[in-house]
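Q: Sequence plus the predicted model coming up.
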Amino acid sequence: MTQPISSAHGDALPVQSLFKNVAYLSAAYSVPFLLQRVAGILIIPITTRFLTPSDFAIIDLVDQTLGVVSLLLGIRFAAALGYFYFQVESPRDRKRIAATAILGAGLIGTLAAGACWPFSTTLSRAVFGNPSAAPYFHISLLTWTFGFAMEALFALMRVENRIGMYNAISAFRLVTGIATILILVAVLKLRVAGMLYAALLAGGLTMILMLADLFRRIPPAFDSRVFISMAKYALPLGFGGIATFIINVGDRFFLPHYRPLADVGIYVLAYKIGMLIAFIYGSFEAYWSAQVFQLMRRNDSDWVFARMFTYVVLGIFFCVLILAVCARPVLRIMVAPAFLGAAPLVPIIALAYCIRAIGSFLCSIFLVAGKPGYDAITNWLGSLVCLVSYWILIPRFGYWGAAYATLIAFGVITAISAVWTYRLRPYRVEAGRLAKIGASLALAALPSLLLPASSLMSQIGVAVASSAIFPCALWAFRFATPGELEKLHHGCSAAQVVILRLCGASRRSPAGI
């Protein structure tokens, strides 16, 4: 386990070591996210050849329908673990809270699955207009019997900073999932059922491995008072999660009423690619969401928060740029012609999730302050805006309207979050450096906007040009501070320093960073 980044009485790490620690841990947590996304991209040529666009739509609608129900019944119980874990100091109390969270999550998942099972046919009729998808709902519901507890187990690993085990378990789940997809979909050609059974088998085997690790360290325990307190804390997060879910997947329920399922399948593919931004940010959030409760108790937390915000914006916007300019050539190489219509949608969805990531970072202030209800209200306001946008835009513009509705909704959520979190706990940002990031991004986007690129080679050329302009613009605007360059210089080889110095230099900041 790594050392803590702060304590209740001061700073456990100097600020220089803090950012190094966060960077290391975020990078470590990015391993399973990266492997998952890479694996997902690599199996696209298989899934798009053994599944039709309509199959993609069915799988997505089943998954998303049960997802919103699980948020309502599961109340995001595992999300409360970090808050309560760091409220106590003794290892015995922390083990008791961890065990209660895991057993409580498992109990909720099992009861929720049993409650929803009789309504599978009703759900199928409501979503698809017929009962044919009821067996698919049954398969997915079986994952709830262990899925809720698995979420709590992963949360515990993040809280304890057991990065090695977290990555090992995640890799096992990924490899098992890919193997079962290849067998059930590519070999046995079970199509939709094969994809759902693959998730069930991979999750079940992973859960067995995680429980073996858990009971080796923590004895079973259940504290009813802790369980009730955690449920009360998590309840607003669950309702807020439903609002976010509406934004994430509500368009898939509107689109079938105005466009054929094939269009929905194309949109689903574009969404999965654009949503890579959420998974990229998730590697940082996996660490941040568990440790922010400690970090914001530091004496210099205001400055640390501002600098961390700058780094988050820089990383997320650069990833949006890469994803946007590479979507066309990559899809042209990897997918069947029927799915190429997804490429122009990717930049819009990626930008939407970039804005959402910024809002999520700010919303961590709500959780640290013990005000999860504020987060729920913010998400619900955004979801109402999103629903209105769906009704206005989707009937007229189809999946283009759905993409822009998502962008509008996340923009509203982030704007509200910025205002409310500032009122709750005033914070500052590095406005000048953020402006330089925005200007660099705008310059980097010009080749893709101004240069025609119909052939594959020209599309690759535009992508390379845009990717190169961004760091050059940062150098021209003198984005990096002397302290950052100095720290990078001591931590990198001579060849790396030459590249990193292209970021330029600007005024010194507190603590020499």
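A: Perfect, thanks for sending it.
Q: Tell me where this structure has strands.
A: For the chain, strands defined by DSSP state E do not occur.
Q: How is it divided into domains?
A: Listed domain ranges for the chain are 15-429, 480-513 (source: automatic domain parsing).
Q: Ok, which of those domains comes nearest residue 436?
A: domain 480-513 (8.3 Å; CB to CB). From N, CA and C alone the C-beta is placed, and that goes for glycine too.
Q: quick one on the thing from earlier: kindly reformat the domains of the chain as JSON lines containing mean neighbour count.
A: JSON lines is the format used below for the domains of the chain (neighbours: other CB atoms under 10 Å):
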{"stretch": "domain 15-429", "mean neighbour count": "19"}
{"stretch": "domain 480-513", "mean neighbour count": "14"}
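Q: weakest of these by average pLDDT?
A: Among the domains of the chain, domain 480-513 carries the lowest mean pLDDT, at a mean of 53.
Q: what distance separates the biggest helix by length in the chain from the middle of the whole chain?
A: When the chain is parsed with DSSP state H, its longest helix is helix 301-334. Relative to its parent chain, helix 301-334 has a centroid offset of 13 Å by CA atoms, centre = their mean, to the nearest Å.
Q: helices and strands around that helix, which ones?
A: Applying 3 or more CB pairs under 8 Å, 6 or more residues apart in numbering; DSSP states H and E, we find helix 301-334 packed against helix 15-42, helix 261-274, helix 276-295, helix 346-368, helix 431-450, helix 456-476.
Q: same thing but at 7 Å, please
A: When contacts are defined as 3 or more CB pairs under 7 Å, 6 or more residues apart in numbering; DSSP states H and E, helix 301-334 packs onto helix 276-295, helix 346-368, helix 431-450, helix 456-476.
Q: Flag every buried residue along the third one.
A: By neighbour count on 16 or more other CB atoms under 10 Å, the buried set for helix 431-450 is 433-434, 436-437, 440-441, 443-445, 447-448.
Q: among the domains of the chain, which is nearest residue 470?
A: Using CB to CB, the domains of the chain put domain 15-429 closest to residue 470, at 5.9 Å.
Q: mind putting the helices and strands packed on helix 301-334 in CSV, distance to residue 25 included?
A: Shown next, in CSV, are these (distance: least, CB to CB, whole Å):
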stretch, distance to residue 25
helix 276-295, 5
helix 346-368, 16
helix 431-450, 23
helix 456-476, 25
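Q: which stretch among the ones you listed comes nearest residue 81?
A: Evaluated with CB to CB, the helices and strands packed on helix 301-334 place helix 276-295 nearest to residue 81, the distance being 8.3 Å.
Q: Show me what the closest one is packed against.
A: Looks like helix 276-295 contacts helix 15-42, helix 81-85, helix 144-159, helix 301-334, helix 346-368 (3+ CB pairs under 7 Å, 6+ apart).
Q: Centre of the chain to that helix, how far?
A: With CA atoms, centre = their mean, you get 9 Å for helix 276-295.
Q: can you check stretch 406-413 too?
A: That offset, for stretch 406-413, works out to 16 Å (CA atoms, centre = their mean).
Q: what does it contact?
A: 247, 251, 348-349, 351-352, 355-356, 359, 378-379, 381-383, 385-386, 389 (CB atoms under 7 Å, 6 or more residues apart in numbering).
Q: residues in contact with residue 335?
A: Contacts of residue 335 (CB under 7 Å, 6+ apart): 44, 48.
Q: brain fart, residue 62
A: 133, 136-137, 140.
Q: one step back: and residue 259, which of the helices and strands packed on helix 276-295 is closest to it?
A: So among the helices and strands packed on helix 276-295, helix 346-368 is nearest, using CB to CB, at 16.6 Å.
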